[in-house]
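# no FASTA, just this:
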């Protein structure tokens, strides 16, 4: 039973998620950590722009205020 | 009797809503969760741009500060 | 006697108001609820762009930080 | 003796002021109310763009974070 | 001995300062008041754009979050 | 075991990281310090734009609210 | 030993630093004061755009939220 938005992020922990930013970049990776500011850490991450992989990143910290949506892959 | 804006969101829980973002994207889905920052979780969601479905998403977390309006479908 | 800005919104409750957003859209409807963040709920709302009705919405939640002005119709 | 910026707004109460917004619109009207967020209520207001009156509004609530300057007319 | 940024504003009180905004406008006038949000009141102010005086204003309240720099003339 | 986003930054202390800004600049350097606002200090830093080194900086303070992502190199 | 970002600013006090703004302007001067909002005061400052000195300023207050980076010269 999810009642608060952060419960959904909690359920996605260690699963692959898509994170989209205000600058239209996407980061896809395993959700390792998040906080109430929606700061996010992904592992085994890749960056995509316009559907194409543009970069592979081991782990990446994404600042919450730059994020628009997060969705399990 | 709705007196506070969040009461309207509460009444829309488990119903389908349209969420519009500052970048003009729309997300339509079942409202599962929200908080005082207006962070939103939708289920059975789809993304629309310029009236066309551009993507289907199981569930999606939408960061509150990127939202302009929310309306029951 | 209005001394605080929210008193004006309170006096407009259940009356029709025009709400303008930073993206230049207008929403016109009956003011049902507001809070200190200036989050707004309108009923029997319509969206206008460049003076033309572009959409009818039963009720709509408008996030405060996207609003520029609110004026009784 | 003005020592705090809000004292100037207080002295302008019930006088006509020009309020300019980040989107370059001007609203001119009688200052009826303000708060610490610089939310403003004007009465007998008119909107001007590029020096021309574009609209007459009975009263108008202007959200503080959209304002750049306020000046007695 | 200035140790905090607001000490510099305090030392400039009643002196002429240039205030620059994010929209590239400049306001020059006598600094009458400021607060911790860097809201500013100038007296005997003029507005300049691209080096030219575009307007004379008796007094002007400038909202802090629109300001980039303040410098004694 | 990383559970909070700042743990990832803590693990990257004294290692080389890439910091990307909202204006699309990259700063690469040794992570010396960070705080809860995600203000960052890098040492032996270089600035890159469009993949090219555009500047060498001994140390650099980067304001948190301008940052989009941080990733170990 | 620098552990917090503000320690780096503290170490730069009375030294010349480059401050870059979101609008791409640079201010170079002696760092006289800063606070937790990263509001900055420089002395013997000059403004540079695209590498050229565009203005000399005795002292200048720079509002923190307009700053991207600060680096000792």
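Ah, there it is. Just so it is clear, the structure is predicted and the values come from calculations on it, not from any experiment.
# Closest to the centroid, which residue in chain A?
The centre of chain A sits closest to residue A:19, judged by Cα atoms, centre = their mean, with a distance of 3.5 Å.
# Leaving out sequence neighbours, find the closest residue to it.
residue A:27 (4.7 Å; Cβ to Cβ, 6 or more residues apart in numbering or on different chains). Every residue, glycine included, has its C-beta placed from N, CA and C.
# Which residue, other than its chain neighbours, is closest to residue A:7?
Closest residue to residue A:7 apart from its sequence neighbours, by Cβ to Cβ, 6+ apart: residue B:33 at 6.6 Å.
# list the contacts for the one you found?
Residue B:33 is in contact with A:2, A:3, A:4, A:5, A:7, A:8, B:40, B:41, counting by Cβ atoms under 8 Å, 6 or more residues apart in numbering or on different chains.
# One more pass at 7 Å, please.
For residue B:33, the contact set (Cβ atoms under 7 Å, 6 or more residues apart in numbering or on different chains) comprises A:2, A:3, A:4, A:5, A:7, A:8, B:41.
# that older thread, for the residue nearest to the centre of chain A, what are its contacts?
Residue A:19 is in contact with A:26, A:27, A:40, A:42, A:62, A:67, A:70, counting by Cβ under 7 Å, 6+ apart.
# go with 6 Å
By Cβ atoms under 6 Å, 6 or more residues apart in numbering or on different chains, residue A:19 lies in contact with A:27, A:40, A:62, A:67, A:70.
# For chain A, which segments are assigned as strands?
Secondary structure of chain A (DSSP state E): strands located at A:16-21, A:26-34, A:40-49, A:52-62, A:67-72.
# Any chance of TSV for those strands, columns mean pLDDT?
Output for these, formatted as TSV (pLDDT from 0 to 100):
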stretch	mean pLDDT
strand A:16-21	98
strand A:26-34	97
strand A:40-49	96
strand A:52-62	95
strand A:67-72	97
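# Any chance of TSV for these, columns distance to residue G:50?
Output for the strands of chain A, formatted as TSV (distance: least, Cβ to Cβ, whole Å):
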stretch	distance to residue G:50
strand A:16-21	28
strand A:26-34	32
strand A:40-49	28
strand A:52-62	29
strand A:67-72	32
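# The ones you listed: which one's closest to residue F:46?
Using Cβ to Cβ as the criterion, the shortest distance between residue F:46 and the strands of chain A is 18.0 Å, found for strand A:52-62.
# what's around residue A:26, how many residues?
17 (other Cβ atoms under 10 Å in any protein chain shown).
# repeat for residue A:47
With other Cβ under 10 Å as criterion, residue A:47 counts 20.
# Wait, it touches residue A:60, no?
No: Residue A:47 is beyond contact range of residue A:60, at 8.2 Å (criterion: Cβ atoms under 6 Å).
# Straight-line length of stretch A:53-70, end to end?
18 Å (Cα to Cα, to the nearest Å).
# same question, stretch A:32-45
Distance across stretch A:32-45, first residue to last, is 11 Å (Cα to Cα).
# gap between residue A:28 and chain C?
With distances taken as Cβ to the nearest Cβ, to the nearest Å, residue A:28 is found 28 Å from chain C.
# residues in contact with residue A:16?
Per Cβ under 6 Å, 6+ apart, neighbours of residue A:16: A:30, A:73.
# ok, whatever residue of chain A ends up closest to chain D to chain B distance?
Of all residues in chain A, residue A:65 sits closest to chain D, at 15.4 Å by Cβ to the nearest Cβ. Here residue A:65 is placed at a distance of 7 Å from chain B (Cβ to the nearest Cβ).
# Could you report the neighbour count for that residue?
Residue A:65 has 18 neighbours, counted by other Cβ under 10 Å.
# Model confidence score at it, please.
In the predicted model, residue A:65 carries a pLDDT score of 97.
# again with residue A:1
43.
# what comes up buried for stretch A:61-73?
By 16 or more other Cβ atoms under 10 Å in any protein chain shown, the buried positions in stretch A:61-73 come out as A:61, A:62, A:63, A:64, A:65, A:66, A:67, A:68, A:69, A:70, A:71, A:72.
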